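Peer 1: Give the three-dimensional model of this entry:
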Amino acid sequence: MPRSYRFPPVPADMREDREHPDIRIARRAGTLARVAAVAHERGEVSSGLRRVIVIQAVRLADLTAARLAYADGRSRPAPTTIDVQGLVGSVMAEFGEEGLDGTSDA
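Peer 2: Residues are numbered from 1 along each chain as shown. Next comes the predicted model:
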């Protein structure tokens, strides 16, 4: 076996930039814009792509709400503030009552 090496996949200086909350918000907004552009270009959009758009929007809302709370000196909003399953439903619904492995959740 070859000798294993351990190293950070992202250099420390780049990690510091990417982990800044405002940069994370900008990157998430860019991702949402690109996914929405794909949906616009396709014209006919699958429910899966629509679900991706909603999830990206929820992630963006969570990041921005957390950043606003920090700026206002408040605690971060609870993750349950946004009901993701209420917005997008269950992914398992695409497969009927059974899950991916063919078993029922009941």
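Peer 1: Quick one: mean pLDDT for stretch 63-76?
Peer 2: In this model, stretch 63-76 carries a mean pLDDT of 95.
Peer 1: all numbers from here: first residue = 457
Peer 2: Sure, I'll start counting at 457 from here, so that last one is stretch 519-532.
Peer 1: From the chain's centre, how far out is stretch 484-493? Work that out for me.
Peer 2: Averaging C-alpha coordinates over stretch 484-493 and over its chain gives two centres that are 11 Å apart (C-alpha atoms, centre = their mean, to the nearest Å).
Peer 1: for the protein, what are the low-confidence residue spans?
Peer 2: Low-confidence regions of the chain, defined by pLDDT under 70, span residues 548-562.
Peer 1: And the helices in the protein?
Peer 2: If DSSP state H is used as the criterion, the helices of the chain fall at 468-475, 477-498, 503-528, 540-544.
Peer 1: Those helices into TSV, with extra columns for mean neighbour count?
Peer 2: C-betas here are computed from N, CA, C, even on glycine. Putting the helices of the chain into TSV (neighbours: other C-beta atoms under 10 Å) gives the following:
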stretch	mean neighbour count
helix 468-475	10
helix 477-498	13
helix 503-528	15
helix 540-544	12
